[in-house]
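Colleague: Please work out how this folds:
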Amino acid sequence: MKLLKARAIALAVVTAAGVAAPALSSAAASQSPETDAAQYPIVIEHALGTTTIESKPERVATVNWANHEVPLALGVVPVGFAAANFGDDDGDGLLPWVSERLEELGAEVPVLFDETDGIDFEAVADTEPDVILAAYSGLTEEDYETLSEIAPTVAYPEAAWATGWRDMIELNSTAMGMAAEGAELIASIEDEIAETVGAYPELEGRTTMFMTHIDPTDLSEIGFYTTHDTRVQFFTDLGLAMPPSIDELSAGTDRFALSQSSEQMDVFDDVDIIVTYGDENDETLAEVAHDPLLSQIPAIERGSVVTLPGSSPLGTAANPTPLAISWVLEDYVALLAEAAAKVG
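Modeller: Next up, the predicted model:
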């Protein structure tokens, strides 16, 4: 496997007057789609309320996971954002694609909020933001109310931790008064995904599920991410298909992860590829492969399993975010294609 390398996002920033803003979802801004997103006030509806932004924000802060990647991708350095608390292999509070983007912009590392024990509201307030971005987050109503006292805050459109990367870009860029630029960013990433996936036709239509971390001390049940989770949603972008079993188990719940008894593992007979966390040499997978029940899952039996080091940048980037997608795409797709080749 080649070393993972950052890939610059080719972003055509729209500056000409009269450029149409992107069509926005019901959770996005209520301004006319025929007008440029820089017209104010901008009103954004989301799961926790309605946010009004009176003028273009000059100081942008973000909280929770990955929201800072939207302004960074658009050339705006936030005054503060959450320090990485997962996948940060060098302990500097930055994921590698964020470090590289800051270097590209010639920017110093801004204030990093320590969210180990939740949002540091005082630290956020100290950055004196004009807007707070949290389109992909787990904000509670109390969190939202407290942040809104500091600055207009944009929360998730429907459910906590369920915002896809497109909606994250759409909502956050709209809140910055850069909806047209956000649409260009989405199109650029989509083009890159299409070009990369196009080189691996064997992926087309392969049913894929994402198992959560496996506990080798208790194989009586297996956890998996539902269709509400962005890791699973990303499979569709990569030309993969959703197993009917995952669709059915996900229906009727808004949870992003569930578990299934090992005695009912035959429900996953329709899965071609399994993605999970763990090193290739991890003994956990060997134990799973020898378990009398789990070993009967066809994908495990034939070895159509992609293991991602869960605490590494690669494992972290399986959860698609605006900068991480380009950074990990080629390697992730190659791993999936390797597993698909074993399906037969």
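Colleague: would residue 289 count as being in a helix?
Modeller: Yes: per DSSP: H, G, I helix; E, B strand; the rest coil, residue 289 lies within a helix segment.
Colleague: Look up the closest residue to it, ignoring the ones flanking it.
Modeller: Excluding the flanking residues, the one nearest residue 289 by CB to CB, 6 or more residues apart in numbering is residue 295, at 5.6 Å. (C-beta placed from N, C-alpha, C; glycine too.)
Colleague: Would you confirm that that neighbour contacts residue 301?
Modeller: Yes: with contacts defined as CB atoms under 8 Å, residue 295 counts as touching residue 301 at a distance of 6.1 Å.
Colleague: What residues sit buried inside stretch 56-73?
Modeller: Using 16 or more other CB atoms under 10 Å as the burial criterion, the residues of stretch 56-73 that qualify are 57, 60-73.
Colleague: scratch that, stretch 183-199
Modeller: Judged by neighbour count using 16+ other CB under 10 Å, the buried positions of stretch 183-199 are 183-186, 188-189, 192-193, 196-197.
Colleague: Just the C-alpha atoms of it, please, in CSV.
Modeller: Output of stretch 183-199 as CSV, limited to C-alpha atoms (Å, rounded to 0.1, in the frame of the first residue of the first chain):
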residue,chain,number,x,y,z
ALA,A,183,-21.6,24.2,-4.1
GLU,A,184,-18.4,24.4,-6.1
LEU,A,185,-16.6,22.5,-3.4
ILE,A,186,-19.2,19.7,-3.4
ALA,A,187,-19.0,19.4,-7.2
SER,A,188,-15.2,19.2,-7.0
ILE,A,189,-15.3,16.4,-4.4
GLU,A,190,-18.0,14.5,-6.4
ASP,A,191,-15.8,14.7,-9.5
GLU,A,192,-12.8,13.4,-7.7
ILE,A,193,-14.8,10.5,-6.2
ALA,A,194,-16.2,9.6,-9.6
GLU,A,195,-12.8,9.6,-11.2
THR,A,196,-11.2,7.5,-8.5
VAL,A,197,-14.1,5.0,-8.2
GLY,A,198,-14.3,4.7,-12.0
ALA,A,199,-11.0,2.9,-12.0
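Colleague: returning to what we had before: so what's the residue nearest to residue 289 up against?
Modeller: Going by CB atoms under 8 Å, 6 or more residues apart in numbering, residue 295 touches 288-289, 301.
Colleague: for residue 85, same thing?
Modeller: By CB under 8 Å, 6+ apart, residue 85 lies in contact with 115-116.
Colleague: shaky segments in this structure?
Modeller: Low-confidence segments of the chain, defined by pLDDT under 70, are located at 1-38, 279-282.
Colleague: Tell me how it divides into domains.
Modeller: The chain breaks down into these structural domains: 42-195, 201-340 (assignment by automatic domain parsing).
Colleague: Show me which of those has the highest average neighbour count.
Modeller: Ranked by mean neighbour count, these are led by domain 42-195 with a mean of 20 (mean count of other CB atoms under 10 Å).
Colleague: and the end-to-end length of that one?
Modeller: Distance across domain 42-195, first residue to last, is 35 Å (CA to CA, to the nearest Å).
Colleague: go on, stretch 110-129?
Modeller: Across stretch 110-129, the straight-line distance between its terminal residues is 13 Å, by CA to CA.
Colleague: Show me which of the buried residues of stretch 183-199 is closest to residue 118.
Modeller: Out of these, the one with the shortest distance to residue 118 is residue 185. That distance is 29.6 Å, counting by CB to CB.
Colleague: farthest-separated two in the buried residues of stretch 56-73?
Modeller: 57 and 65 (20.4 Å).
Colleague: distance of the closest residue to residue 167 other than its chain neighbours from residue 315?
Modeller: With CB to CB, 6+ apart as the criterion, residue 167 has its nearest non-adjacent residue at 5.7 Å, and that residue is residue 157. From residue 157 across to residue 315, the span is 26 Å (CB to CB, to the nearest Å).
Colleague: what does residue 72 give?
Modeller: Residue 72 sits 21 Å away from residue 315, taking CB to CB as the criterion.
Colleague: now residue 184
Modeller: Counting by CB to CB, the gap from residue 184 to residue 315 is 29 Å.
Colleague: Next: residue 309.
Modeller: From residue 309 over to residue 315 the distance is 5 Å, taken as CB to CB.
Colleague: Overlap of the contact sets of these two?
Modeller: Counting by CB under 8 Å, 6+ apart, the shared contacts of residue 309 and residue 315 are residue 277.
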